[in-house]
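Engineer: quick one: sequence and predicted model below, then my questions.
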Amino acid sequence: MTDLEMAQLWAEIIDVDQVEVDDHFFEIGGNSLLAIEVVRELKERAGVALPLGEFLRDPRPRAVSEALALAAGRTNGESAVV
Amino acid sequence: MTQRLPRLALLAGANGSLSPAEAAMATAGEVEVVLILDRSEAEASPALREIAESVAETVVVATEDATAVCAAVVAAGAQAVATFVDAYCPIVDEVNTRVFGRYAPSGRWGKDVQRRMLLAAGVCTVTNSPVHDWHGLVDAASRQGLPLVLKPVTGVASRDVWLLNDTDDLEAVRGGLGANMSAGFVAETYVRGPARGRGPHRADYVSAELFVSAAGTTGFLTDRPPLAMPFRETGIIGPTTVDPATERAVLAKAEAAHRALELGPGTYHIEVKLTDGQPEVLEVNGRLGGYVRRLVQLGTGTDVAPAAIRASLGLDHPLDLTWRSHVAALFLQAPMSASVIAATPRRRHVARIPGVISVEHLASSGTALDWRDGTGAAAVKVWLQGDDDEELRTRMADCAHRLDEAFDFRDVSGRRVRDEDWLARLTGTAPAGSTTTDSHSEGCDS
């Protein structure tokens, strides 16, 4: 998922017109419940279970996209081992 | 050999002035925070537990069981215990006494005991009477005179706080509270604000945030927009616009209150009413003020959460706040007569109002309303920013008008109702000489 796609997803969930790729989730109207919703939606759309703690560590679309890619890599690695 | 980090046990909850995630992540790499959640709250809110466990070691206990909380703190290997939730301040005192041997006067977070301690120390002049039924209230009114402020001893966020100006108001309490006063109320002599008020946009009380560590005390003030009747808060503003002499007097009074209550290291949120004489302490809370972290972060770029966590351990953390922009959180409270929110705007529409940088909370259409629910029942909470105080004030006024138009509040008969009095006080359009509820009101915690 690209940074822009991530930003678009957040805009939908928070219900704002636009989210920039470096916007902080909690500074644009996000809250803890919406954070959980984002993580669940990411699992639904990207098929990757991003730990909530990793989302909260740097909750900006660009950083979360990177974290998601790393998590996807871990998932693929585990699959390969299995 | 790796040096072990200081550990802080934190009684956390959904209604804290720092969220569990904010608290746990504020000092990552410097302080290990062990989150203690209340069992009932964790069961009622699985999301709270999920978030807590994702960011820190988390223990779930029945917080009404002091022995269990003490055991959890000991098991956590913590050097101190703290909270950012009002309801947990008494248990933090108890754990401090039983686990760490730090004496804490009993009952100091109750509004009755706290006021007595402040009076005894000469820190305030406000008297109050415990009230357990309506006849006791009438007795208090005859002894102390009207107006009075009636509030629950253990109340938070302006819940069930009544302003009693006359005998009709006393009767309203009889109708509204009836026999439900046995849990404990106090009738407090009402503190008059400055005769000339502070002008529009500002309430006549301010909040002092104190950060107390072993190295000393540092603090700053924030302002408030005018209250919605009777005592519901409508936001927070930074930086303060009080003059430096008043600021010093308020901070000195806040520190005196801290000493009078025999408080230790930590963060404290102290509401202080400005008067034509000395500032009066309204109440002392054993935590950082609500919304303060975000306000300061937006206005100065500094995160006060690390200082708050470190202060809880008695550790110093420099706070040098230089305000680069003017910031406010504005809460729209429904009129007292409203019983339901009939219609709300979309969040994205609110976010488009000039100056709004985010929408923190938006109530749903159909939400039942009761003014007695206090500050927490706000219909919407938005953050606004301006380059200077004038721009911020203009934006707050414009925003308030737009929100007033966009929200549809109805009374029990289905009639649309608006709080024109509050709007006039916020925007400076109240007629000269009109009675401003704000200049005669009292702050409550948030």
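Structural biologist: Good, I have the coordinates.
Engineer: which bits of chain A sit near chain B?
Structural biologist: A:14-17, A:27-29, A:31-33, A:35-36, A:51-53, A:56-57 (CB under 8 Å from any CB of the partner chain). Every residue, glycine included, has its C-beta placed from N, CA and C.
Engineer: helices along the stretch 51-200 of chain B, start to end?
Structural biologist: B:66-75, B:89-100, B:111-120, B:134-144, B:167-177 (DSSP state H, counting those that start in this stretch).
Engineer: flag the shaky bits of chain A, pLDDT-wise.
Structural biologist: Low-confidence segments of chain A, defined by pLDDT under 70: A:76-82.
Engineer: closest to the centroid, which residue in it?
Structural biologist: residue A:64 (4.6 Å; CA atoms, centre = their mean).
Engineer: can you give me how far stretch B:144-157 is from the chain middle?
Structural biologist: Distance of stretch B:144-157 from the chain centroid (CA atoms, centre = their mean, to the nearest Å) equals 16 Å.
Engineer: straight-line length of it, end to end?
Structural biologist: 25 Å (CA to CA, to the nearest Å).
Engineer: next one: stretch B:104-123
Structural biologist: Span of stretch B:104-123 from end to end, CA to CA: 19 Å.
Engineer: show me the contact partners of it.
Structural biologist: Stretch B:104-123 is contacted by residues B:86, B:89-90, B:93-94, B:96-97, B:124-128, B:130, B:151-155, B:184, B:186, B:188, B:253, B:256-257, B:259-263, B:281, B:283-284, B:286 when judged by CB atoms under 8 Å, 6 or more residues apart in numbering or on different chains.
Engineer: next up, the contacts around residue A:8.
Structural biologist: Residue A:8 neighbours (CB under 8 Å, 6+ apart): residue A:19.
Engineer: give me the element it is part of.
Structural biologist: helix A:3-14 (DSSP states H and E).
Engineer: quick one, what contacts the residue nearest to the centre of chain A?
Structural biologist: Residue A:64 is in contact with A:6, A:38, A:50, A:55, A:58, counting by CB under 8 Å, 6+ apart.
Engineer: now the buried members of the residues you listed.
Structural biologist: Buried members of the contacts of residue A:64, counted by 16 or more other CB atoms under 10 Å in any protein chain shown: A:6, A:38, A:50, A:55.
Engineer: so which of the residues you listed comes closest to chain B?
Structural biologist: residue A:55 (8.2 Å; CB to the nearest CB).
Engineer: just to check, the closest one is in contact with residue A:63?
Structural biologist: No - using CB atoms under 8 Å, residue A:55 makes no contact with residue A:63, being 9.1 Å away.
Engineer: hmm, back to that, ok, now how distant is the residue nearest to the centre of chain A from residue B:186?
Structural biologist: According to CB to CB, to the nearest Å, residue A:64 and residue B:186 sit 48 Å apart.
Engineer: now residue B:236, what's its secondary structure?
Structural biologist: Here residue B:236 is recorded as strand under DSSP: H, G, I helix; E, B strand; the rest coil.
Engineer: what about the strands in the stretch 201-350 of chain B?
Structural biologist: Using DSSP state E, counting those that start in this stretch, the strands found in the stretch 201-350 of chain B span residues B:205-213, B:216-222, B:235-238, B:266-273, B:280-285, B:326-332, B:340-343.
Engineer: spatially, what comes nearest to residue B:400 if we skip its sequence neighbours?
Structural biologist: Nearest residue to residue B:400 in three dimensions, chain neighbours excluded: residue B:426, at 5.3 Å (CB to CB, 6 or more residues apart in numbering or on different chains).
Engineer: hang on, the earlier thing: narrow the contacts of residue A:64 to those in helices?
Structural biologist: A:6, A:38, A:55 (DSSP state H).
Engineer: tell me which of those is nearest to residue B:3?
Structural biologist: Within the ones in helices among the contacts of residue A:64, proximity to residue B:3 (CB to CB) peaks at residue A:55, which comes in at 29.9 Å.
Engineer: for the closest one, which residues are in contact?
Structural biologist: The neighbours of residue A:55, taking CB under 8 Å, 6+ apart as the test, are A:35, A:38-39, A:64, A:67.
Engineer: what is the nearest of these to residue B:349?
Structural biologist: Distances from residue B:349 to these, taken as CB to CB, are shortest for residue A:38 (21.9 Å).
Engineer: wait, doesn't the closest one sit right on residue A:7?
Structural biologist: No - Residue A:38 is beyond contact range of residue A:7, at 11.3 Å (criterion: CB under 8 Å).
Engineer: need the residues of the stretch 201-350 of chain B near chain A, please.
Structural biologist: Counting by CB under 8 Å from any CB, the stretch 201-350 of chain B sits next to chain A at B:294, B:298, B:346-348.
Engineer: now for these: which two are most distant?
Structural biologist: Pairwise across these, and taking CB to CB, the largest span is found between B:298 and B:346, at 23.5 Å.
Engineer: what's the distance between residue A:74 and chain B?
Structural biologist: 16 Å (CB to the nearest CB, to the nearest Å).
Engineer: for the stretch of helix or strand that residue belongs to, the distance to its chain's centre please.
Structural biologist: Assigned by DSSP H and E, residue A:74 belongs to helix A:61-81. On the basis of CA atoms, centre = their mean, helix A:61-81 sits 11 Å off its chain's mean C-alpha point.
Engineer: buried ones in that helix, by neighbour count?
Structural biologist: Within helix A:61-81, the residues that count as buried by 16+ other CB under 10 Å are A:61-65, A:67-68, A:71-72.
Engineer: make a markdown table out of those residues and add distance to residue B:42.
Structural biologist: Shown next, in a markdown table, are those (distance: CB to CB, whole Å):
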| residue | distance to residue B:42 |
| --- | --- |
| A:61 | 30 |
| A:62 | 33 |
| A:63 | 28 |
| A:64 | 26 |
| A:65 | 31 |
| A:67 | 26 |
| A:68 | 28 |
| A:71 | 26 |
| A:72 | 31 |
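Engineer: tell me the one among the residues you listed nearest to residue B:309.
Structural biologist: residue A:63 (22.7 Å).
Engineer: how many neighbours does the residue nearest to the closest one when sequence neighbours are not counted have?
Structural biologist: For residue A:63, ignoring the flanking residues on the chain, the nearest one in space by CB to CB, 6+ apart is residue A:57 at 7.9 Å. Neighbourhood size, residue A:57 [other CB atoms under 10 Å in any protein chain shown]: 16.
Engineer: do I have it right that residue A:57 meets residue B:25?
Structural biologist: Yes - judged on CB under 8 Å, residue A:57 makes contact with residue B:25 at a distance of 7.2 Å.
Engineer: follow-up on the earlier one: the helix holding residue A:8 versus helix A:61-81: what angle between them?
Structural biologist: 110 degrees (axes from the mean of the first three to the mean of the last three CA atoms, to 10 degrees).
Engineer: ok, and for helix A:3-14, which residues are buried?
Structural biologist: Buried residues in helix A:3-14, counted by 16+ other CB under 10 Å: A:3, A:6-7, A:9-11, A:13-14.
Engineer: then stretch B:116-124?
Structural biologist: Here stretch B:116-124 shows B:116-118, B:123-124 as buried, counting by 16+ other CB under 10 Å.
Engineer: determine which two of these are furthest apart.
Structural biologist: B:116 and B:123 (11.2 Å).
Engineer: show the contacting residues for the closest residue to chain A within the stretch 201-350 of chain B.
Structural biologist: In the stretch 201-350 of chain B, the residue that lies nearest chain A is residue B:347 (4.0 Å; CB to the nearest CB). Residue B:347 is in contact with A:14-16, A:29, B:359, B:362, counting by CB under 8 Å, 6+ apart.
Engineer: if we use 7 Å, what do you get?
Structural biologist: A:15-16, A:29, B:359, B:362 (CB atoms under 7 Å, 6 or more residues apart in numbering or on different chains).
Engineer: ok so, going back, and which of the contacts of residue A:55 is nearest to residue B:145?
Structural biologist: Looking across the contacts of residue A:55 and measuring by CB to CB, the closest to residue B:145 is residue A:35, at 51.0 Å.
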